[in-house]
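K.L.:
Here's my sequence, what's the structure:
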Amino acid sequence: MVALKFTIALVGIVLALAFADETESDLNSKFLMLDSQLKKLSQKLSQDNLKVTDQLKEEASKVIALKEQVDILKGQLEKITLENKYQMSSKHGLGILKPNRRYSRSTAGDPDVVVFSAELSHVLDNVALHSTVVFDHPIFRVTHSYDASTGVFTCPTSGLYLFSVFIATHKTDTEALVYLVLDGNPYMSVISDRSSDGENDSGGNVVMLPVNKGQRVWVETDINDKQSFWPSFTTFSGVLIHQTQ
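P.N.:
Down below sits the predicted model:
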């Protein structure tokens, strides 16, 4: 009887151990399966994050491109607006000087009449240090003493001249600073602070100088490299006030 009880107990222990082994095996299998699924989900999440990052970069590039186009269109619109103002003021005799008895073809060689005014016709970006700013669009001039292809005024008549320079910074982090230069010597400076938050700064100055016939006057960048300027608002003008012998 004792032997039978012992045998039954032993069989029970063997069955319990077998069941425990089977349960542990199942748990290990389930753990490995869940671990594999977790790795796959993590990998998929990483891939999705990369796709989203790439999409965000692509959208950011599109936004930057659109902003550049808006800046270009804004510059063109401002130029057209100014040109319309010039035309309207010209019709009423308030703006650009028109040929008349004093400013006519017959005065082209008149040494008493020397006057010019020129502007930028386009955005001028990344202008190197110590470069001549070329105001390529003559607004008005009686003689051709100002060369719109070089930005240099060559004095045709000795006398006292009044020069004005105005600059407006294009959207940039660089402060704009230029000098009015007479035969390599700076005589007047103009500064325009760096742009911020989409706002554009401007600056101007006026000077009177005695200039001899043949001397050259121009506007040159100084202090900072890669300066940028808005069109129309950036101008260079000069006029003979008093002729000297």
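K.L.:
Tell me if residue 157 really is in a strand.
P.N.:
No. Residue 157 is assigned coil when assessed by DSSP: H, G, I helix; E, B strand; the rest coil, not a strand.
K.L.:
count of neighbours near it?
P.N.:
For residue 157, the neighbour count with other CB atoms under 10 Å is 18. In this view, the C-beta of every residue, glycine as well, is placed from N, C-alpha and C.
K.L.:
And for residue 179?
P.N.:
Using other CB under 10 Å, residue 179 has 20 neighbouring residues.
K.L.:
residues near the nearest residue to it once chain neighbours are set aside, how many?
P.N.:
Distances taken as CB to CB, 6 or more residues apart in numbering put residue 186 closest to residue 179, at 3.7 Å, once the chain neighbours are dropped. As a burial measure, residue 186 scores 12 neighbours (other CB under 10 Å).
K.L.:
Direction included, what does the helix or strand harbouring residue 186 pair up with?
P.N.:
Assessed by DSSP states H and E, residue 186 sits inside strand 185-192. Next to strand 185-192 in the sheet, as set by DSSP bridges, lie strand 176-182 (antiparallel).
K.L.:
got a list of contacts for the partner strand?
P.N.:
Defining contact as CB atoms under 8 Å, 6 or more residues apart in numbering, one finds that strand 176-182 is touched by 133, 163, 165, 167, 169, 186-192, 194, 203, 205, 207, 209, 211, 215-224, 227-229.
K.L.:
what's the spacing between that strand and its chain's center?
P.N.:
21 Å (CA atoms, centre = their mean, to the nearest Å).
K.L.:
what's the model's confidence in that strand, averaged?
P.N.:
Confidence for strand 176-182, expressed as mean pLDDT, is 91.
K.L.:
need the strands for the chain, in chain order.
P.N.:
Assigned by DSSP state E, the chain shows strands spanning 115-119, 124-127, 137-141, 146-147, 152-154, 159-168, 176-182, 185-192, 202-211, 216-221, 227-229, 235-243.
K.L.:
Can you pull the poorly scored residue ranges out of this protein?
P.N.:
The chain contains residues with pLDDT under 70 at 1-24, 74-76, 78-111, 171-173, 194-200, 245.
K.L.:
show me what contacts the closest residue to residue 146 other than its chain neighbours?
P.N.:
Excluding its sequence neighbours, the residue lying closest to residue 146 (CB to CB, 6+ apart) is residue 116, at 4.0 Å. Counting by CB under 8 Å, 6+ apart, residue 116 touches 138, 140, 141, 142, 143, 145, 146, 153, 237, 238, 239.
K.L.:
Try it again at 7 Å.
P.N.:
Going by CB atoms under 7 Å, 6 or more residues apart in numbering, residue 116 touches 138, 141, 145, 146, 153, 237, 238.
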